[in-house]
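In: Kindly generate the corresponding structure for this input.
(one chain, ligands or ions: 1)
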Amino acid sequence: MTPPQERTDARPTTPLPSQDTSVRVLELAISGGLLPVLAQDTAIPGVVLTPHVTGKPLRFTGDWVLTHAASGMQLTLPGCHAHMIEAIEWLARRAGLDWNRPLEAVRADDALKIAHGELNLALWRAREEREPLVTARGSWVVWPPRWRIRYRGRVSAATYDSWDDAARRAAYALTEPDEALHLHPDAEIVRDTRPPGWGLRCASIHCHDSHFLADWADGCGPVMGPRAQLAADAAEEGWRDCGAGTWTCPECSRRYH
Ligand SMILES: [Zn+2]
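Out: Sure thing, here's the model as predicted:
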């Protein structure tokens with residue numbers, strides 16, 4: 001461990017190079033005055049992410065807001081970090097908006113006025129419902145037909161994503177006589193003619209694309225089956241039905257507060 005004196009000596013004394021950070025100081029325009037806070041640049045030129053402050057004296061609330069960089073004026077309602085990241089995505093999906101202008105120009109632009117109103121209405125609803133403001137994907141996925149191993153007329157109960165996966169398993173079983181499958185080189189890889197049903201994945205943009213409702217009893221692979229069964233299983237496991245075919249996994253559901 002570094003001795004205390006050396007740690008003190010190693011303390012940086014110069015500001016970080018600007019290319020190494022997206023965080024900078026900005027003056028928020030709060031009713032009654034200007035307040036310096038840290039602001040993070042976003043993918044939207046002219047829009048920054050800032051902590052939400054309120055009260056007298058002003059205090060952090062734990063929420064965040066999107067702020068107009070040129071004026072320090074608050075652009076959105078306060079919300080959790082996940083909702084603010086989604087608000088940035090909401091703006092990014094809306095082409096032709098230029099926030100990177102002085103306040104007077106922004107206020108005179110009807111397209112910005114409409115977008116501002118719609119974003120805040122959508123954000124208010126998302127906050128009320130504790131649901132995503134925008135999603136990355138629909139949650140329902142139809143699985144393509146599965147692959148199996150056939151040997152001497154018997155077809156494996158286990159299924160595989162691809163021919164390669166099944167072949168790899170068959171080759172592995174050949175070299176591992178203690179495994180349940182005892183296959184010979186004449187084993188065949190066959191494909192089901194019908195899809196195995198639906199899968200359910202998390203729609204949140206904060207979630208990994210492959211986060212499917214898992215079958216804990218069967219190797220934690222994705223559950224495949226009829227929609228009604230998956231919906232019941234998902235609800236039981238703490239998934240949240242956000243409507244319009246979108247669900248959030250338990251971990252993401254906790255992000256929206
Ligand atoms: Zn998720």
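
In: how many other residues sit next to Asp192?
Out: Applying other Cβ atoms under 10 Å, we find 14 residues neighbouring Asp192. Heads up, the C-betas are built off the backbone N, CA and C, glycines and all.

In: so what's it closest to, chain neighbours aside?
Out: Pro145 (4.2 Å; Cβ to Cβ, 6 or more residues apart in numbering).

In: wait, what's in contact with that neighbour?
Out: Counting by Cβ atoms under 8 Å, 6 or more residues apart in numbering, Pro145 touches Arg191, Asp192, Thr193, Arg194, Pro195, Pro196.

In: again with Phe212
Out: Val141, Gly199, Leu200, Arg201, Cys202, Pro222, Val223.

In: hang on, the earlier thing: are any of the contacts of Pro145 buried, and which?
Out: Pro196 (16 or more other Cβ atoms under 10 Å).

In: Tabulate the contacts of Pro145 (CSV), appending secondary structure, distance to Leu230 and pLDDT.
Out: Listed next are those as CSV, based on DSSP: H, G, I helix; E, B strand; the rest coil; distance: Cβ to Cβ, whole Å; pLDDT from 0 to 100:
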residue, secondary structure, distance to Leu230, pLDDT
Arg191, strand, 23, 94
Asp192, coil, 19, 93
Thr193, coil, 22, 93
Arg194, coil, 17, 91
Pro195, coil, 14, 89
Pro196, coil, 12, 89
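
In: For Arg24, which non-adjacent residue is spatially closest?
Out: Ala39 (6.0 Å).

In: typed the wrong thing, it's Leu230
Out: Counting by Cβ to Cβ, 6+ apart, Leu200 is the residue found nearest to Leu230 once chain neighbours are left out, at 4.8 Å.

In: Go through the one helix or strand the one you found maps to and flag the buried ones.
Out: Leu200 belongs to strand 198-200 when assigned by DSSP states H and E. In terms of neighbour count (16+ other Cβ under 10 Å), strand 198-200 has its buried residues at Trp198, Gly199, Leu200.
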